[in-house]
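J.: What follows is a predicted structure for the sequence shown.
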Amino acid sequence: MTETRGKTIHVTKDVHDRLTARGKFKDSYNDIIKRLLDDSDFLMELEKERGFDSEGEKTGEEEGSQ
């Protein structure tokens, strides 16, 4: 199946270089960005399961020492 071209995004040279450094042989920039987003989603879900909010703060009641 052939993918159609999507949107053009503009990034700085620094971001372009960082994306390139994270790429694997024959990766498109779409592949690299998708992998980074998937990793981020996974980490956010893991933090949520461990009781952290989106800012990395612990949620819920903390146990008090008595």
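T.: Right, received. Where do you want to start? Residues are numbered from 1 along each chain as shown.
J.: distance of residue 29 from residue 51?
T.: 35 Å (C-beta to C-beta, to the nearest Å). Every residue, glycine included, has its C-beta placed from N, CA and C.
J.: okay, these two: which has more neighbours?
T.: In this view residue 29 and residue 51 are compared by other C-beta atoms under 10 Å, and residue 29 has more residues nearby, 14 against 10.
J.: Now do that one, the pLDDT please.
T.: For residue 29, the model assigns a pLDDT of 95.
J.: what residues are up against it?
T.: 19, 23 (C-beta atoms under 8 Å, 6 or more residues apart in numbering).
J.: With residue 48 instead?
T.: Residue 48 touches nothing, counting by C-beta under 8 Å, 6+ apart.
J.: Need the pLDDT of it.
T.: For residue 48, pLDDT reads 86.
J.: Please report phi then psi for it.
T.: The phi and psi values for residue 48, taken as degrees, to the nearest 10, are phi -60, psi -40.
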